[in-house]
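Visitor: Prediction below, plus the sequence it came from.
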Amino acid sequence: MKSRMAVLLGCLVLACASCADAGGEAAVIQQADLVGDWANSAGARVHMADDHTVTASGVDHAVPDYTCPTTVRAARWQFFTRADSSGFATASDSVAEGDSLVVNVDAGDPDSQWCDLQAAVQRDYRGFNLCLVLDMDQGCTAGELLRRVPAARG
């Protein structure tokens, strides 16, 4: 009876772990490692270009509470600078690495700032991943995390 209870408790812990924030520890990523395609198994796909432009589809599969258009054709990404002595950080094209970034979405109207996203860079046993959020106090489930799509060989 005790072994059944231990197995049941273990399964419950594993099931809950997949619901909690996922992705591992915060990590610093270089721009060269960020540039490329990122996706998740739920259908989100994001392309980060070297010129700081972003295109995306299925954003709602990475950010479930995203109420803006889920296909992004005009956006820019920037790493956040390290916080200064006052604790303030800014986003800049000149920063070549970081553990967080902002994606400024141009939705074609004055309220497009409500469509902007932030991303926490993390690293786990599978490598780098991105957790897209509306607010950096949010987290991602394992299914929402974006992972690097391997480049096609050819």
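Guide: It's in.
Visitor: which residues of this structure fall in strands?
Guide: Remark: strands of the chain, listed N- to C-terminal, are 25-26, 29-30, 36-39, 45-48, 53-57, 72-80, 91-92, 97-98, 100-105, 117-124, 127-133, 146-148; assignment by DSSP state E.
Visitor: Pull the contacting residues for the spatially closest residue to Val102 that is not a sequence neighbour.
Guide: Setting aside the residues directly before and after it, Val102 is nearest to Ala91 in space (Cβ to Cβ, 6 or more residues apart in numbering), at 4.7 Å. (C-beta placed from N, C-alpha, C; glycine too.) For Ala91, the contacting residues are Gln78, Phe79, Phe80, Thr81, Leu101, Val102, taking Cβ atoms under 8 Å, 6 or more residues apart in numbering as the criterion.
Visitor: for the protein, where's the lowest mean pLDDT among helices and strands?
Guide: For the chain, counting by mean pLDDT, DSSP states H and E, helix 2-17 ranks last in confidence among helices and strands (a mean of 38).
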